[in-house]
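# Pasting the sequence and the predicted model now:
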Amino acid sequence: MDCVRRRPGAQIVQVLFGGTFDPVHDGHVAMVDQLRVSFPSAAIHVIPNNRPPHRNSEVSATHRLEMVHLAMGHIQGIEINKIEVERSGPSYTIDTLNILRKQFGNDESFVLVLGADTIRKMDMWYKPMTVPLLCNVCILNRAGERIGIPSVLSNMNEIVDGALLDNLPSGNLIRLQTPDLFVSSTLVRGLIARGAKQLPIPPNVADYIVKHDLYQDPE
């Protein structure tokens, strides 16, 4: 099934990179750098969750938002978007997409960035079948890995050139290879709790964590 919807002219692509960022780490920063290369004309929205539906965080959304600002706020073309932090309750992607569609209109090209762990759980999302109607999807493949497509995305049109998305508001899928950085927020939290001094996070984020005594208890 061809889900391509074309529109005349090209506007700035809105790339949506959401996450808990608990905490933000070097892998996240590398992913953003990769997105900037792959979508050079895009505005990249980094969107910290308020409260992810399927897990809890002992660190407040306010702290996580500030750490994202420290890690990425200086990067050209990046917008730290507070849309989920400022919204009460669980952060459902479909709600965020609907709000942004009202803000930007139905003709703007949206690209929702999803990593391997998120893709594998997508069938459990709230209203996942609506996602292809509202945006394009960018799947981030780890080195040597090709992630399977969940059933909710199986009718999307797969393309290989990100530039084509300038004229496509929704319904299309592209894959990107992520940098070879084997780091996760879970790993970082464990290192902090064990008192490690060398951490795969930006130095100003490390200073913030020490200042506010975050992630000190073993999970």
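Sure thing, it's come through.
# Can you name every helix or strand that the least confident helix or strand in the chain by mean pLDDT contacts?
In the chain, no helix or strand scores lower on mean pLDDT, DSSP states H and E than helix 116-120, which sits at a mean of 84. Where contact means 3 or more C-beta pairs under 8 Å, 6 or more residues apart in numbering; DSSP states H and E, helix 116-120 is packed against strand 136-141. For the C-beta atoms, the positions are set from N, CA and C on the backbone; glycine is no exception.
# centre of the chain versus the helix or strand following the strand it packs on, how much separation?
For strand 136-141, the following helix or strand on the C-terminal side (DSSP states H and E) is strand 157-158. Here strand 157-158 is found 20 Å from its chain centre; the criterion is C-alpha atoms, centre = their mean, to the nearest Å.
# now do stretch 26-33
In terms of C-alpha atoms, centre = their mean, the gap separating the centre of stretch 26-33 from the centre of its chain is 10 Å.
# Mind checking the pLDDT average for that stretch?
Stretch 26-33 carries an average pLDDT of 95.
# Then stretch 38-53?
Rounded mean pLDDT across stretch 38-53 is 91.
# that older thread, after the least confident helix or strand of the chain, next one along is what?
For helix 116-120, the succeeding helix or strand toward the C-terminus, using DSSP H and E, is helix 131-134.
# quick one: the strands in the chain?
14-19, 43-48, 78-80, 110-114, 136-141, 157-158, 172-177 (DSSP state E).
# show me where pLDDT drops low in this structure?
Residues of the chain that meet the criterion pLDDT under 70 lie in 1-11, 54, 218-219.
# Show me the contact partners of the least confident helix or strand of the chain.
Residues outside helix 116-120 that contact it (C-beta atoms under 8 Å, 6 or more residues apart in numbering): 139-142, 145, 147-150.
# and if we set it to 10 Å?
Under the contact criterion C-beta atoms under 10 Å, 6 or more residues apart in numbering, helix 116-120 has outside partners 18-19, 93, 112, 114, 125, 137, 139-142, 145, 147-150, 152-153, 178, 184.
# same thing with stretch 85-93?
Residues contacting stretch 85-93 (C-beta under 10 Å, 6+ apart): 16, 18-20, 47-54, 60-62, 64-65, 68, 83-84, 95-96, 98-99, 112, 114, 118, 122, 125-128, 130-131, 134-135.
# buried stuff in that stretch?
For stretch 85-93, burial by neighbour count (16 or more other C-beta atoms under 10 Å) applies to 85, 87, 91-93.
# Would you mind putting the CA coordinates of it into PDB?
C-alpha atoms of stretch 85-93 as PDB (Å, rounded to 0.1, in the frame of the first residue of the first chain):
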ATOM      1  CA  VAL A  85       6.800  18.500  30.300                       C
ATOM      2  CA  GLU A  86       4.100  21.200  30.500                       C
ATOM      3  CA  ARG A  87       1.300  18.700  30.000                       C
ATOM      4  CA  SER A  88       0.000  16.800  33.100                       C
ATOM      5  CA  GLY A  89      -0.300  13.100  33.100                       C
ATOM      6  CA  PRO A  90       1.300  10.400  31.000                       C
ATOM      7  CA  SER A  91       3.100  11.500  27.900                       C
ATOM      8  CA  TYR A  92       1.300   9.700  25.000                       C
ATOM      9  CA  THR A  93       2.900  10.300  21.600                       C
END
